[in-house]
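Participant: Take a look and give me a structure for this.
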Amino acid sequence: MLARTFSGCDELINSIDKAVRGQEPEALVQSLRTSMCKLIRGGDVQLPDCCFHPQASGYARRELYRSENLGYSVIAMTWAPGQGTPIHDHCGMWCVEGVFAGAIEVVQFELTDQQDDLFRFERRGSIQAGVGSAGSLIPPHEYHTIANPFPDEIAVSVHVYSATMIRCHVFEPQGDHWFKRVPKTLGLDEWV
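Facilitator: Numbering: from 1, shown residues only. Sure thing, here's the model as predicted:
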């Protein structure tokens, strides 16, 4: 189900379809990162204008495409200055994200201990990704935060998930590097 058409939509979807068909997650995300970087840097994909309109209430999630045959979904996220996520997971889904405007900072965490719904994490590194770059995650290495690190510009990233991501877990700080796991339902924002 296509949510919107835009310049370069067919090229983007064709590159995702090609990567997803018959490849293991490691090869799939590598292929998809490479093709997304090429499409972004070449200017082949021009997102709809509404993808560049942030929301004051939190980062915006707008569905660009959902493949009924292959199961993946493509979401544009718009980050106002300073907006970000708490530590979260992807409920076992792989993901590739490409930066179309501004920059995003991704901080990776490693799960080091668990007691029921309490989790202990250690920060393992961070990257600041600018326009034309793409990153990925493959479970079980899925715990991270994403934020727009700049105080005066928006960021736009496009995320390709192995399935439609309608829920995840966020982790609320409890002290001493412990976090409580809380289920979160994810929605989609209106096109403006």
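
Participant: Surely residue 128 touches residue 104?
Facilitator: Yes - in this structure residue 128 lies within contact range of residue 104 using C-beta atoms under 8 Å: 7.5 Å. For every residue, glycine as well, the C-beta is placed using N, CA and C.

Participant: Please say which of the two ends up with more neighbours.
Facilitator: Ranked by neighbour count (other C-beta atoms under 10 Å), residue 128 and residue 104 place residue 104 first, with 25 against 13.

Participant: Check which helix or strand the more buried one maps to.
Facilitator: strand 103-115 (DSSP states H and E).

Participant: Quick check: buried residues in the following helix or strand past that strand?
Facilitator: Using DSSP H and E, the helix or strand that follows strand 103-115 towards the C-terminus is strand 118-130. Judged by neighbour count using 16 or more other C-beta atoms under 10 Å, the buried positions of strand 118-130 are 119-121, 129.

Participant: Strand 118-130 vs strand 103-115, what angle?
Facilitator: Strand 118-130 and strand 103-115 are oriented at 170 degrees to each other (axes from the mean of the first three to the mean of the last three C-alpha atoms, to 10 degrees).

Participant: Just the CA atoms of strand 118-130, as CSV, please.
Facilitator: Provided in CSV are the C-alpha atoms of strand 118-130 (Å, rounded to 0.1, in the frame of the first residue of the first chain):
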residue,chain,number,x,y,z
LEU,A,118,14.4,-4.3,34.6
PHE,A,119,17.3,-4.0,32.2
ARG,A,120,20.8,-2.7,32.6
PHE,A,121,22.5,-1.1,29.7
GLU,A,122,26.0,0.2,28.9
ARG,A,123,26.6,2.8,26.3
ARG,A,124,28.7,1.3,23.5
GLY,A,125,29.3,4.1,21.1
SER,A,126,27.6,6.8,19.0
ILE,A,127,27.7,8.1,15.5
GLN,A,128,26.5,11.3,14.0
ALA,A,129,25.1,10.6,10.6
GLY,A,130,24.7,13.4,8.0
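
Participant: in its sheet, what does it sit against?
Facilitator: Strand 118-130 pairs in its sheet with strand 103-115 (antiparallel), strand 178-185 (antiparallel), by DSSP bridges.
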